[in-house]
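**Student:** sequence? don't have it. structure:
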């Protein structure tokens, strides 16, 4: 398919329903989701963005399953220019070196992500997100890890 109008809250709700087919995710992880019902649509490829968010959810899910607390949080919101997705999870954090490599790649200061020591699925997701001019930041606070995505919608709105 080509580009179309996509509501990320709806897309992520579908991805979470799919994730619940993994019984460990469904039963062993405490999940909290909060979707912005007024989220502006993005213009993009649904299959691409579905792959991106499935890879990121799966990454967070795998790390949460290996942790003692086993918690996962997903939230969408927006500001005047961006759709914002926040994925938080317990478990191993992304290290500062990998975070810097990711930022250099997204800022066009590096051509690839080969130096990053992350799951190939996450690296593919980041390559796709670059097409959408997304800002991605990995952070850790109070034993909770986070992936923050800001995706501009103004210049891509259908």
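**Tutor:** On my side now, so go ahead. Just so you know, these numbers come straight off a predicted model, no measurement behind them.
**Student:** buried sites along the helix of greatest length in the chain?
**Tutor:** Counting by DSSP state H, the longest helix found in the chain is helix 46-65. Using 16 or more other Cβ atoms under 10 Å as the test for burial, helix 46-65 gives 46, 48-65. The C-beta positions use only the backbone N, C-alpha and C, and glycine is treated the same way.
**Student:** can you pull the contacts of residue 132?
**Tutor:** 42, 44, 49, 151-152, 156 (Cβ atoms under 8 Å, 6 or more residues apart in numbering).
**Student:** run a quick neighbour tally on residue 30.
**Tutor:** 11 (other Cβ atoms under 10 Å).
**Student:** leaving out the residues flanking it, which one is nearest to residue 18?
**Tutor:** residue 54 (7.2 Å; Cβ to Cβ, 6 or more residues apart in numbering).
**Student:** same thing with residue 95?
**Tutor:** residue 117 (7.8 Å).
**Student:** surely the one you found and residue 94 touch.
**Tutor:** No: in this structure, residue 117 is not within contact of residue 94 by Cβ atoms under 8 Å, at 9.3 Å.
**Student:** for the nearest residue to residue 133 once chain neighbours are set aside, which residues make a bridge with it?
**Tutor:** In space, and not counting its chain neighbours, residue 133 is closest to residue 152: 5.3 Å by Cβ to Cβ, 6+ apart. When bridges are called by DSSP bridges, residue 152 pairs up with residue 82.
**Student:** could you report the pLDDT at residue 9?
**Tutor:** On pLDDT, residue 9 comes in at 96.
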